[in-house]
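1. Can you look at this prediction? I've put the sequence above it.
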Amino acid sequence: MSRSWFATLISTFKTAGNLIVIDDLWKESDWDIISSALPRNNRGSRIIVTTRIRSVAWYTCCSNGLMHEVKPLNELDSQMLLLQSVFGSKNYLWPDNLKQSRDEILRRCQGIPFFISGMADWLREQEVQKFYSNGSLDCLVEEVPQFPRLLKQFEQTLYPTYDDLPYWSKVLLLYMSMFPEGYMFNKDSLIRKWIAKGLSGSYEEAEACFSMLIDRNVVTRAINIWEPTTQVEENCRWQVNYFMLQFLAYRLDDKGFACASGMRCASPEAMGNKKLRWLSVNQPDRELEMLLSRRSNLSHFHNARSLSISGAVDDLLFPLDKFIYLVVLDLEGWQCFKDEDMLLICSSRMLLLRYLSVKNTRVRKLPAKIKELRSLETLDMSHTEVSELPSEACELSRLEMLDLRSTPVRQLPEQIRKMRSMRHLLIGDYGDGRNGGTTIPDGIGCLLDLRTLATVHLSVCSARLVEALGGMEKLTELAITWSFHQCSNRRYQEALHCSFQKWRGLKSLSIHGGQGSCVEFLDSLPDQGRSNDLEKFKVTGGGRFVRLPQWFQGLDCLAFVEITVLRLVTEDLSILTNLPSLEHLSLGLDFLPEEAIVIGRAGFRKLERLCIGCRFPWLTFSQGAMQRLRYLEMKIGGHPVSRSGSVLAGINNLCSVSEVSIHYNVRYSNNRGVILTIETVRKEVAEHLNPISVFVNGIQDQDENFEAVAGISGDGGVEGLH
């Protein structure tokens, strides 16, 4: 673009109102250059910006702009687009013997129009129309399931997203190429693997990279795209799109790195002399069997550094004792894994092994020989039938993370105090105390470098242990259960209160209270007795506060709050409003409001998710309120209609909202207040400028006024409107 042409263009903008479209913006700095050149003459001009990067979209909207995240197509529209693209008409009916192939294509495309159109082009190349018109589909049915590895147009569109990443982010992303199709993973587990492989130097660096991949839609939530997004980021699972996995597998090949996975396994001839470093399998694979059987020596076993097995894979194909140079061994969900295999691993002198996961397998016993895995840093035995942690496991001097959640383990050995390298200890049942919890020895206080401790059932712990926890001054994440009995025990209260004042670096605190339990004593924490780094505060179960803790004031890092209060005064709402980093607020109101709770324009600058639990949701959202709010959830009960005739107002003032979810007990289906609340939501959503999905008790409304029909394009997934 020449300077003279650009100058002429800008001068045109100065004399007339214009609609300007800037497609596929990549960098915030580019927006600064463009926006600085545009005139501000109040002539009614509008700018539409499309981008693949969520943070760039928010950046362009910082000055009274609106951000709209384009959603995938729903199931019906996805089918219609595929039908139209293949046959040129929506009036055709899918033949029965092609429906399975159609469903497989749509499942992989995940509602993204670009992928649907691309697969439609491929189907046309397979002469679907000819087969359809002739009525001879038998041979086609045999061909269609053999989907292409990666269409050229997909590779061309996905490459810029990959190429724009920093070098180390590319390396971490390439590791995901070994994931099988449809694989869902936990963020923390993936980061542990990255660190064990030496791909990242610290958890913080890896977490920043993971956030970048989410920001660019490379990694997405593993949810049904046609169901409500009830999960929050802290506990959801993630996935990588099928076509992105294909792309990554090809990029890995280009790097000269050999990898066999459920996505792609090179033939023995194509492998040549390449060393097989990463191996992942989740289903029987003939090519992989040939690859392993043709190499008569042990090189393919000895060269492997990462091995992942899941599903119903035959255990005879993988003699675990031969993979002696593994660094990462992930057996999560392997149906054939047995106690004998666990003993084989521990007896195989895997001196380099840093990461071992047997999560969600049938293993029942952890052998004493576990101590032979001397380099082990992460041991994940969660969701297994292991009932005892042998004392020999405490000889793993390098172990940093031990996960025993959802296991029958009820007592940790006294020797755990020797594990001075321990950074993360995960036990219990995710806040559910029905199984009595896991008893922790008082010697746990010797683990002075512990960062994460969850979930501790204080009902099976002594008050002396609670006092000892205060010595762990490096704790950043703590989850506990607090029983009704301990609420009235002054010694427990004082011990916990004193410990809280010592955890100056605490970033996350979760308390699961028993029914009727009170945590009001925490409201008296002095300003100097709290962590200013607190990012998450969560009280679930029966835990209640009379009102919002006053020490919330000034917590500039607090991003996640889940709390139930018995009353909400103006000062409390003001404290929440002025939390500068708050992104998620789940607020239970255990009372009937006597007047409308008004959410004004000021404050809540970063709030994206709001969950309100109240029998009587008398809320009013003012013009310009919560400008970044995308998800609104209301848990309501039977209630009277307010004096003003409306229980809710102002949803149409929430400029960025894209989903509204309402939950209520079915016994209140005929309650006038519940009916009016739902009618009000539907009416205001229908008047909103944005397409908004509405879910009532998990079922999406299909009214055309607010059914989202937009899709993520191949060139941009997020729009900013000015």
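-> Thanks, I have the structure now.
2. residues in contact with the helix or strand containing residue 633?
-> Assessed by DSSP states H and E, residue 633 sits inside strand 631-635. Outside strand 631-635, the residues that touch it by C-beta atoms under 8 Å, 6 or more residues apart in numbering are 229-230, 608-614, 617, 648, 651, 654, 657-664, 677. All C-beta spots, glycine's among them, are computed from the backbone N, C-alpha and C.
3. cool, stretch 660-669 as well?
-> Taking C-beta under 8 Å, 6+ apart as the rule, stretch 660-669 contacts 228, 230, 631-638, 651, 674, 677-678, 681, 685, 692-698.
4. Buried by neighbour count, from the contacts of strand 631-635: which ones?
-> Applying 16 or more other C-beta atoms under 10 Å to those, the neighbour count classes 229, 608-614, 617, 648, 651, 654, 657-664, 677 as buried.
5. Filter those residues down to the ones in strands?
-> Among these, the residues falling in strands (DSSP state E) are 609-613, 648, 659-663.
6. Next, count neighbours for residue 410.
-> 15 (other C-beta atoms under 10 Å).
7. Can you give me the pLDDT of it?
-> At residue 410, the predicted lDDT confidence score is 91.
8. Enumerate every residue touching the nearest residue to residue 393 once chain neighbours are set aside.
-> Among residues not flanking residue 393 along the chain, residue 370 sits closest, at 5.1 Å (C-beta to C-beta, 6 or more residues apart in numbering). Neighbour list for residue 370: 346, 376, 379, 390, 392-393, 396 [criterion: C-beta under 8 Å, 6+ apart].
9. Give me the subset of those residues lying in strands.
-> Using DSSP E, the contacts of residue 370 in strands are residue 379.
10. Rebuild the contacts of residue 370 as JSON lines, extending it with neighbour count, distance to residue 424 and pLDDT.
-> Output for these, formatted as JSON lines (neighbours: other C-beta atoms under 10 Å; distance: C-beta to C-beta, whole Å; pLDDT from 0 to 100):
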{"residue": "346", "neighbour count": "20", "distance to residue 424": "22", "pLDDT": "95"}
{"residue": "376", "neighbour count": "24", "distance to residue 424": "14", "pLDDT": "97"}
{"residue": "379", "neighbour count": "21", "distance to residue 424": "11", "pLDDT": "97"}
{"residue": "390", "neighbour count": "17", "distance to residue 424": "20", "pLDDT": "96"}
{"residue": "392", "neighbour count": "17", "distance to residue 424": "20", "pLDDT": "96"}
{"residue": "393", "neighbour count": "24", "distance to residue 424": "15", "pLDDT": "96"}
{"residue": "396", "neighbour count": "22", "distance to residue 424": "14", "pLDDT": "96"}
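11. Which two among the contacts of residue 370 are spaced furthest apart?
-> 376 and 390 (14.0 Å; C-beta to C-beta).
12. domains of the protein?
-> 3-65, 75-143, 152-252, 592-702 (automatic domain parsing).
13. can you give me the strands in the stretch 101-250 of the chain?
-> 219-221, 238-240 (DSSP state E, counting those that start in this stretch).
14. for those, which one sits closest to residue 74?
-> strand 219-221 (16.5 Å).
15. what does the closest one contact?
-> 210, 213-214, 229, 231, 236-241.
16. Could you export the domains of the chain as a markdown table, including mean pLDDT?
-> Formatted as a markdown table, the domains of the chain follow (pLDDT from 0 to 100):
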| stretch | mean pLDDT |
| --- | --- |
| domain 3-65 | 81 |
| domain 75-143 | 75 |
| domain 152-252 | 84 |
| domain 592-702 | 88 |
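17. Those domains into CSV, with extra columns for distance to residue 326?
-> Output for the domains of the chain, formatted as CSV (distance: least, C-beta to C-beta, whole Å):
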stretch, distance to residue 326
domain 3-65, 36
domain 75-143, 31
domain 152-252, 10
domain 592-702, 40
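18. Out of these, flag the one nearest residue 459.
-> domain 152-252 (23.2 Å).
19. name the element residue 573 belongs to?
-> Counting by DSSP H and E, residue 573 is found in helix 570-577.
20. Show me what counts as buried in that helix.
-> Buried residues in helix 570-577 (16+ other C-beta under 10 Å): 572-573, 575-577.
21. ok, so of those residues, who is nearest residue 363?
-> When the buried residues of helix 570-577 are compared against residue 363 (criterion: C-beta to C-beta), the nearest one is residue 576, at 45.6 Å.
22. Please identify which of the buried residues of helix 570-577 is nearest to residue 246.
-> The closest of the buried residues of helix 570-577, once distances to residue 246 are taken by C-beta to C-beta, is residue 576, at 45.1 Å.
23. And the pLDDT for that closest one?
-> 96.
24. Just give me the neighbour total for residue 43.
-> Neighbour tally, residue 43, other C-beta under 10 Å: 12.
25. That one touches residue 12, doesn't it?
-> No: with contact defined as C-beta atoms under 8 Å, residue 43 does not count as touching residue 12 (11.6 Å).
26. can you list the contacts of strand 219-221 in a markdown table and add distance to residue 406?
-> Formatted as a markdown table, the contacts of strand 219-221 follow (distance: C-beta to C-beta, whole Å):
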| residue | distance to residue 406 |
| --- | --- |
| 210 | 24 |
| 213 | 28 |
| 214 | 26 |
| 229 | 24 |
| 231 | 18 |
| 236 | 17 |
| 237 | 15 |
| 238 | 20 |
| 239 | 22 |
| 240 | 26 |
| 241 | 29 |
